[in-house]
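Novice: Sequence plus the predicted model coming up.
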Amino acid sequence: MRSKLVRNRIFALIFAAAAAIPALAAPPAPPAITAKDRAAILDDLLAALRETYVFPETSQKMEEHVRRQLASGAYDQLGTMDVFVEKLTADLQSVSHDLHLRVGFNPERPAAEGKEPTPEEQQARYVAESRRDNHCFHKVEHLAGNIGYLKLDCFAPAEVGGATAVAAMSFLSGSDALIFDLRDNGGGSPSMIQLLTSYLVAEEPVHLNSFYVRKGDKTEQFWTHAWVPGTRLPAVPVFVLTSGRTFSAAEEFTYNLKNMKRATIVGENTGGGAHPVNFHQVEGYPVGMSLPFGRAVNPITGTNWEGTGIAPDVAVPVAEALTAAHTRALAAITEKATDPERKAELEFVRGLLEDRGKPVTLAAADLQAFAGTYGPRTIILEGGELWYQRGRGRKQKLHPVGQDRFLVGDLDDFRIRFERDASGAVVRLVAIYPDHEEPNARGAE
């Protein structure tokens, strides 16, 4: 019997962390497989499906299909373990349409009986791998306009990655809006969903989701926590970025927030996997199966996202999702702002984001016209590009966003406009800030 921690390991690792954590060494060549092996593996897997798979009728149909395939000789030419399990996965999914249901060849799991790592050894290995990957917390940033940004590429179990989650939410605690980037998140543990979502609601526990478990005919509920370390942000606007790779637990997080009307979903339709899984190991073989044992039941909709995915509120190409969410976050904050200076700052940043989305290309002769000294500021043409430097400060690349307008490096509180005389010659540089402008005549010190 595997421990709960090992179940969480499989839940998190198969669908997310395995894609993010590189292998330490090349795996051995897949072993050859005989007709006897294929029959034994099938018998083992089908017995597990009959006992546990979330939909018993579907389980029966899958069994009938793969047994017909076996009898017809469809597997006879599949001479290695990896090719056989790949075909078996395709056949099972052709009936179930369940992307969580997969059979895999795992060369790291010994085939010999009695040599399987203990649950404690498996858990220790996962914890070490997860730590090296920072528990999938891949980027935490403070974006222009005081927008918090978290790129999370899996949901590690809270008992493993909870401290990192708390640290990330502490970093973001002063934000006026939050963006959760789940575009590369393949899933993980519901315990991390509970922890992160608890920061987005008030102290009164909220029912997030339930999992109906076929075996035993029981239901397990998941609620937010009544207490979390640090500051809750129940009122800040929340945006979730999604793609077709957003799957499983990442979809649950998205689906929960969308139906609670707690977040705006930006990006593309998600993958469509709503079944929690356990890992089933085939006895005597380095073959295992991710086995959906239940289904998600949202307390608001009474259903889930299986097979359909989650449609975004704002549909944009994946590559444009962050900018689209950032722009909408700024608009939401601006609408609520009462301080004129704060409003001006937010409008400035919104204009800057708009400019970044519409870069232009200028000819070398056009760029040469801007090079020169403007008070304490110097514009340098170098390598076919314009660079800005003030005094002895660091040089920063200028990005043209118009014939005479430029963004400065990655700065979000400063841009430049050049002005010309009646003949068209550049005579002035105007440094533009959110609350004022500083003109500098060309050649003036």
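Specialist: On my side now, so go ahead.

Novice: wait, what's in contact with the residue nearest in space to the middle of the chain?
Specialist: With distances taken as C-alpha atoms, centre = their mean, the residue of the chain nearest its centroid is Leu182 (2.2 Å). By C-beta atoms under 8 Å, 6 or more residues apart in numbering, Leu182 lies in contact with Leu152, Val240, Leu241, Thr242, Thr246, Ala250, Phe253, Thr254. The way it works is simple: take the backbone N, C-alpha and C, and place the C-beta from them, glycine included.

Novice: Looking at these, spot the one nearest Gln396.
Specialist: Leu241 (28.0 Å; C-beta to C-beta).

Novice: Residues contacting the strand or helix carrying that closest one, please?
Specialist: Secondary structure from DSSP states H and E places Leu241 in strand 238-242. With C-beta under 8 Å, 6+ apart as the test, strand 238-242 has contacts from 177-183, 200, 250, 253-254, 257-258, 262-270, 310, 312, 321-322, 325, 328-329.

Novice: With only the CA atoms kept, save the helix or strand following that strand in PDB.
Specialist: Next in sequence after strand 238-242, counting helices and strands by DSSP H and E, comes helix 249-259. C-alpha atoms of helix 249-259 as PDB (Å, rounded to 0.1, in the frame of the first residue of the first chain):
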ATOM      1  CA  ALA A 249      -4.700  20.400 -11.100                       C
ATOM      2  CA  ALA A 250      -3.800  23.600 -13.000                       C
ATOM      3  CA  GLU A 251      -7.200  23.400 -14.600                       C
ATOM      4  CA  GLU A 252      -8.800  22.800 -11.200                       C
ATOM      5  CA  PHE A 253      -7.200  26.000  -9.900                       C
ATOM      6  CA  THR A 254      -8.500  27.900 -13.000                       C
ATOM      7  CA  TYR A 255     -11.900  26.300 -12.900                       C
ATOM      8  CA  ASN A 256     -12.400  27.000  -9.200                       C
ATOM      9  CA  LEU A 257     -11.500  30.700  -9.500                       C
ATOM     10  CA  LYS A 258     -13.500  31.200 -12.600                       C
ATOM     11  CA  ASN A 259     -16.700  29.800 -11.100                       C
END
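
Novice: hang on, the earlier thing: just the buried ones from the contacts of Leu182?
Specialist: If you count burial by 16 or more other C-beta atoms under 10 Å, the buried members of the contacts of Leu182 come out as Leu152, Val240, Leu241, Thr242, Thr246, Ala250, Phe253, Thr254.

Novice: Out of these, the closest to Asn278 would be?
Specialist: Checking the buried ones among the contacts of Leu182 against Asn278 by C-beta to C-beta gives Ala250 as the nearest, at 19.0 Å.

Novice: which residue packs closest to the closest one, ignoring adjacent ones?
Specialist: Distances taken as C-beta to C-beta, 6 or more residues apart in numbering place Asn185 nearest to Ala250, at 3.7 Å, with adjacent residues excluded.

Novice: and Arg390, what is it in contact with?
Specialist: By C-beta under 8 Å, 6+ apart, Arg390 lies in contact with Pro376, Arg377, Thr378.

Novice: swap that for Ala35, sorry
Specialist: Asp76.

Novice: before we move on, back to that, using a markdown table, lay out the contacts of Leu182 together with pLDDT and distance to Arg342.
Specialist: As requested, the contacts of Leu182 are exported to a markdown table (pLDDT from 0 to 100; distance: C-beta to C-beta, whole Å):
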| residue | pLDDT | distance to Arg342 |
| --- | --- | --- |
| Leu152 | 98 | 29 |
| Val240 | 98 | 25 |
| Leu241 | 98 | 25 |
| Thr242 | 98 | 30 |
| Thr246 | 98 | 33 |
| Ala250 | 98 | 33 |
| Phe253 | 98 | 30 |
| Thr254 | 98 | 30 |
